[in-house]
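S.K.: Fold the following.
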Amino acid sequence: MKAILTFHSIDDSGSVLSFPVRKFAQLITEVVESKTRICTLDQIVRPETDNAIAITFDDGMESVFKNALPVLKAAGVPAHLYLTTACVGGNNRWPTQPSAAP
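M.R.: Sure thing, here's the model as predicted:
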């Protein structure tokens, strides 16, 4: 099994783009305890990699730094963060964005 888990925001806002903080911590703990390998994207695409997941975060939400990073560091697992660099220090809204999105 190979999977890529993609998140936007890790917070308790209830936004359509958010994943609750406690559930994220529980998910990481359960994956680590299951002996499923959490690896980088370059590792997961290798044919010899099996029973692994990679974790990505889109858009560089502040909650990833505040809420996800401590969980990831404590578990010693890697993740990838994709930034919308044109929006650093500004707003990352798009025309069709749901009103509940951050």
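S.K.: least trustworthy helix or strand in the chain by mean pLDDT?
M.R.: helix 62-63 (a mean of 92; mean pLDDT, DSSP states H and E).
S.K.: Now do that helix: distance to the chain's middle.
M.R.: In terms of C-alpha atoms, centre = their mean, to the nearest Å, the centre of helix 62-63 is set 11 Å apart from its chain centre.
S.K.: Show me the contact partners of it.
M.R.: 9, 10, 11, 18, 102 (C-beta atoms under 8 Å, 6 or more residues apart in numbering). (Each C-beta comes from the backbone N, C-alpha and C, glycine too.)
S.K.: and of those residues, the nearest to residue 31?
M.R.: residue 10 (14.9 Å; C-beta to C-beta).
S.K.: Residue 28 is in contact with residue 71, correct?
M.R.: Yes - using C-beta atoms under 8 Å, residue 71 is in contact with residue 28, at 5.4 Å.
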